[in-house]
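# Model the following, please.
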Amino acid sequence: MRMDLNLDKTPAQEKAEELINNMLFCYQGHIDMYTAKQCALIAVDEIYKLKLKTGFYLVTDEDKEMYYSFWEDVRDVIEQTNDNNIHL
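The predicted model follows:
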């Protein structure tokens, strides 16, 4: 089972697809798409909750805003993904 959104993907769409596919692969068919999406959402929530400080990778506050905005976009894509949108 694999999820495939479309050919012209944004970085957030690519990451959302990657997270869902990793969840599906990890459980090797023992979970459905809905459960894989819920696991991916938990992962995004945990990443988002990290208290990142401006430093080596996030040089400015703008970098930090972009980082959190990206993960919000990933969450939105996962939530909007149709449970039947999978590739076998």
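# going forward, measure contacts and count neighbours with C-alpha atoms only.
OK.
# What about the residue nearest the centre of the chain? Give its phi and psi, please.
Against the mean C-alpha coordinate of the chain, by CA atoms, centre = their mean, the closest residue is Ala16 at 3.1 Å. Main-chain dihedrals, Ala16, degrees, to the nearest 10: phi -60, psi -50.
# and it, what does it touch?
Applying CA atoms under 8 Å, 6 or more residues apart in numbering to Ala16 gives the contacts Ala40, Val74, Arg75, Val77, Ile78.
# State the pair within those residues that is farthest apart.
Ala40 and Val77 (10.9 Å; CA to CA).
# ok, back up a step: want to try TSV for the contacts of Ala16, with distance to Tyr48 as columns?
Formatted as TSV, these follow (distance: CA to CA, whole Å):
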residue	distance to Tyr48
Ala40	12
Val74	11
Arg75	10
Val77	15
Ile78	14
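# Show only the entries of those residues found in helices.
Among the contacts of Ala16, DSSP state H puts Ala40, Val74, Arg75, Val77, Ile78 in helices.
# and which of these is nearest Glu46?
Ala40 (9.9 Å).
# Wait, that closest one touches Ile20, no?
Yes. Ala40 lies in contact with Ile20 (CA atoms under 8 Å); the separation is 5.7 Å.
# In this structure, what helix or strand scores lowest on average pLDDT?
strand 86-87 (a mean of 46; mean pLDDT, DSSP states H and E).
# sorry, back to before: Ala40 and Val77 - which one has more neighbours?
Ala40 (25 against 19; other CA atoms under 10 Å).
# Could you report the pLDDT at that one?
At Ala40, the model reports a pLDDT of 96.
# could you pull out the helices for this structure?
Under the criterion DSSP H, the chain contains helices at 11-26, 33-49, 61-80.
# For those, state which one has the densest average packing.
Stretch with highest mean neighbour count among the helices of the chain: helix 11-26 (a mean of 19; mean count of other CA atoms under 10 Å).
# Now do it and helix 61-80, the angle between them.
Interaxial angle of helix 11-26 relative to helix 61-80 (axes from the mean of the first three to the mean of the last three CA atoms, to 10 degrees): 50 degrees.
# Let's test this: mean pLDDT of helix 11-26, rounded?
Here the average pLDDT along helix 11-26 is 93.
# Right, I'll leave it there.
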